[in-house]
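Novice: could you look at this predicted model? Sequence included:
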Amino acid sequence: MIHFGVVLPFVLLIALTASPLLGILLAAAFAQPPCQTARLALPTRLPVIAGAGGALIAAWMLLGQADWETVVGNWSPVSFTGLPLAMAGFAPSAGIIIAWTTLYFLRSLQSPNAAHLESAPAAPAFLIASLALVAFANNLVTLLVGLGLTDLLTAYCALRQQDNERNALIGLMLSGLSVALLTLIAAAHISAGNSPHLPLVRLDASAATPLALAIALRLNFAPFRASSDAWGDLRMAAGAVGGLLTLTRLPTLGITRLPEWFYGLALASALLTLLIALLRAEDRADALAPAVATVGAYLAGASAVLASPGATAAATIAWLVGAASIGQPQFTDAPLWARRVRRAVRAAGALCLIGAPLTVGFVGQAGAVATWTERSVGGWPFALAWSVVFALMTYALLRLVVRSADGEAQTVRFTAHPLRPSVWVAREAIGGLTVLAPILTFGIAPALLTAGSLADALARNSAAGWVGWGIAVVAGALIWRLESRWRPAIRSISDRVIGALELGWCYSLLGGAVARLRRPFGQVFALLESDGMLLWAIIAVLLTVLIARPGGP
């Protein structure tokens with residue numbers, strides 16, 4: 001007899017990964033020519049919204065399933081490594097998957113394009129599946145397969161949707177190097193006779209440096225990044241989410257302390273990104289949103305100093321949900337009250353990003369400053385840099401939230417004709433509750449992420465943490481209040497400062513490396529696409545099987 005408690009997690013996994021794809025397929029089946037009214041758009045939009053909502057509900061339900069394990073693939077990985085694709089519950093990762101499905105649901109609910117949410121509508125559905133492999137991986141092979149699939153799908157989306165092909169290829173190259181490093185670490189661990197089963201994996205302290213480098217590459221820390229706002233578009237941030245999911249696992253694998261340069265790169269990258277954005281923004285506050293989203297990812301990486309999976313997961317959730325909420329557009333045909341609700345949601349996201357108490361952002365950053373200050377004199381520069389970044393974040397968020405409704409706000413039309421009031425009420429209410437749910441639930445009950453209780457987070461912050469955070473917030477508010485006095489003074493030198501901060505020489509080197517790598521691969525692809533393609537494919541498969549079989553060729 002099959003126990004229901006064993007079957008339910010597997011059913012939820014299927015719902016999590018299959019619901020978005022099913023919704024997209026149904027939307028394609030009922031798709032009509034470009035819609036001119038909300039009524040015509042409804043048959044196309046509802047299946048996509050229902051599929052995204054099903055995935056979101058399944059993600060929340062998976063968080064409540066404790067101690068489950070299942071095999072989802074018993075195919076080719078077994079032939080090569082002797083391991084199936086196995087998945088098991090891990091509460092911190094489940095919280096991150098909730099945040100990612102929240103973004104997908106919001107985009108499905110609030111996208112102004114009714115017929116097609118994007119040029120590659122199935123890609124987000126497959127990204128949910130690949131990130132689920134990373135989040136719930138129960139052995140090293142599953143983790144690596146999930147990361148590889150995530151990188152390929154992210155690169156596909158980037159090449160389809162971005163105008164800058166070079167940045168997309170640089171991101172793919174850096175992610176590929178990251179997976180290669182992680183593969184070498186896993187191979188060295190397994191070759192030493194150790195178990196690849198994640199609950200039994202205990203990595204040596206010497207693995208901390210290559211692991212830190214692999215995650216720094218995935219998060220696009222400076223100088224390993226394609227642009228100064230690498231994660232400004234959260235649709236392209238799946239690679240960074242995969243890196244943070246891996247970072248969340250490290251304390252359970254025996255790596256409780258990463259090299260100090262990792263935190264230095266994270267904070268330096270955040271500071272450079274904010275300075276460049278603030279110098280460029282001038283009078284357009286909306287230009288700051290991509291930089292704030294990127295800085296949120298960098299700060300989530302820096303939260304690893306707490307050596308707590310729950311804290312890193314909380315910082316990741318704060319980044320994803322907070323950045324999504326501050327980036328929501330205002331619609332020109334929306335009622336006044338709907339625009340005010342949207343602004344209130346944006347304010348909640350801003351509070352989450354600066355780590356206000358009772359938000360998930362507080363759980364993610366509480367204790368970071370105290371941890372650095374306890375590391376004697378060497379930790380004080382990190383604590384100071386953290387406070388400076390938070391001060392600039394506060395200033396940027398004030399500019400994003402406190403602004404005129406008709407002046408700087410990004411406005412788009414939702415449909416050719418205004419929606420009925422009842423539709424506005426339902427859409428804004430559902431969207432607002434979807435955003436607030438992870439912000440408040442994980443902020444008030446961090447134990448759901450195995451981050452201890454709220455009292456533990458308050459105690460962990462210590463006096464140094466409260467003082468540093470308070471000074472940063474007050475300083476950011478003062479910078480915003482006195483903006484009219486200092487901005488004209490730096491306008492004359494902003495171009496030269498931006499040129500120095502952007503590290504253009506490094507991006508040129510990365511672009512040159514990508515161009516050189518493309519030449520031989522282009523020649524290989526031209527050869528493989530010739531008349532002998534089938535023969536080449538057969539030879540490749542035979543060589544792979546011969547090399548991978550037990551005992552070698």
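Specialist: Noted; the coordinates are in hand. Numbering: from 1, shown residues only.
Novice: settle this for me: Thr102 is touching Leu320, isn't it.
Specialist: Yes. Counting by C-beta atoms under 8 Å, Thr102 does reach Leu320; the two are 7.4 Å apart. For glycine as for every other residue, the C-beta is placed from the backbone atoms N, C-alpha and C.
Novice: report how many residues lie close to Leu271.
Specialist: By other C-beta atoms under 10 Å, the residues close to Leu271 number 19.
Novice: point me to the helix or strand that includes it.
Specialist: helix 260-281 (DSSP states H and E).
Novice: mind listing what's buried in that helix?
Specialist: 260, 262-263, 265-281 (16 or more other C-beta atoms under 10 Å).
Novice: off-centre distance for it?
Specialist: Relative to its chain's centre, helix 260-281 lies at 17 Å (C-alpha atoms, centre = their mean, to the nearest Å).
Novice: and if you look at stretch 122-133?
Specialist: Centroid separation for stretch 122-133 versus its chain: 13 Å, with C-alpha atoms, centre = their mean.
Novice: okay, that stretch in CSV with CA atoms only?
Specialist: Output of stretch 122-133 as CSV, limited to C-alpha atoms (Å, rounded to 0.1, in the frame of the first residue of the first chain):
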residue,chain,number,x,y,z
ALA,A,122,7.7,28.2,-22.7
ALA,A,123,11.1,29.2,-21.4
PRO,A,124,9.9,30.3,-17.9
ALA,A,125,8.1,27.0,-17.4
PHE,A,126,11.2,25.0,-18.2
LEU,A,127,13.3,27.4,-16.0
ILE,A,128,11.0,26.5,-13.0
ALA,A,129,11.7,22.8,-13.7
SER,A,130,15.5,23.3,-13.9
LEU,A,131,15.6,25.5,-10.8
ALA,A,132,13.5,22.9,-8.9
LEU,A,133,16.3,20.3,-9.8
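Novice: list the buried residues of that stretch.
Specialist: Buried residues in stretch 122-133, defined by neighbour count with 16+ other C-beta under 10 Å: Ala123, Pro124, Ala125, Phe126, Leu127, Ile128, Ala129, Ser130, Leu131, Ala132, Leu133.
Novice: restricted to helices, list these.
Specialist: Here DSSP state H is the test, and those give Ala123, Pro124, Ala125, Phe126, Leu127, Ile128, Ala129, Ser130, Leu131, Ala132, Leu133 as lying in helices.
Novice: save these as CSV, and put in pLDDT too.
Specialist: Shown next, in CSV, are these (pLDDT from 0 to 100):
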residue, pLDDT
Ala123, 75
Pro124, 77
Ala125, 81
Phe126, 85
Leu127, 89
Ile128, 91
Ala129, 89
Ser130, 91
Leu131, 93
Ala132, 93
Leu133, 91
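Novice: and those residues, which is closest to Ile57?
Specialist: Ile128 (13.1 Å; C-beta to C-beta).
Novice: so who does the closest one touch?
Specialist: For Ile128, the contacting residues are Leu16, Thr17, Pro20, Ala55, Ile97, Trp100, Thr101, Tyr104, by C-beta atoms under 8 Å, 6 or more residues apart in numbering.
Novice: so where is the stretch 201-350 of the chain shaky, pLDDT-wise?
Specialist: Within the stretch 201-350 of the chain, the ranges that satisfy pLDDT under 70 run 226, 281-285, 329-335, 337-338.
Novice: what are the ranges of the helices in it?
Specialist: In the stretch 201-350 of the chain, the helices defined using DSSP state H, counting those that start in this stretch lie at 208-219, 238-249, 260-281, 289-302, 309-326, 336-353.
Novice: hey, which of the ones you listed is tucked in deepest?
Specialist: Sort the helices of the stretch 201-350 of the chain by mean neighbour count, taking mean count of other C-beta atoms under 10 Å, and helix 309-326 sits at the top with a mean of 29.
Novice: list the helices and strands the helix or strand that contains Gly364 packs on?
Specialist: If you go by DSSP H and E, Gly364 is part of helix 360-365. Contact here means 3 or more C-beta pairs under 8 Å, 6 or more residues apart in numbering; DSSP states H and E; on that basis helix 360-365 packs against helix 289-302, helix 309-326, helix 336-353, helix 421-444, helix 454-481.
Novice: give me the three-state assignment for the residue lying closest to Ala15 once chain neighbours are set aside.
Specialist: Using C-beta to C-beta, 6 or more residues apart in numbering and skipping residues adjacent in sequence, the residue nearest Ala15 is Ala58, 3.9 Å away. Three-state assignment for Ala58 (DSSP: H, G, I helix; E, B strand; the rest coil): helix.
Novice: quick one: contacts for Ala58?
Specialist: Neighbours of Ala58 in contact, by C-beta under 8 Å, 6+ apart: Leu12, Leu13, Ala15, Leu16, Ser19.
Novice: cool, Gly95 as well?
Specialist: Gly95 makes contacts with Leu63, Ala313, Ala314, Ile317, Pro438, Phe442, Leu448, Leu449, as judged by C-beta under 8 Å, 6+ apart.
Novice: dump those to TSV, plus distance to Gly176.
Specialist: Output for the contacts of Gly95, formatted as TSV (distance: C-beta to C-beta, whole Å):
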residue	distance to Gly176
Leu63	32
Ala313	26
Ala314	29
Ile317	27
Pro438	31
Phe442	33
Leu448	34
Leu449	30
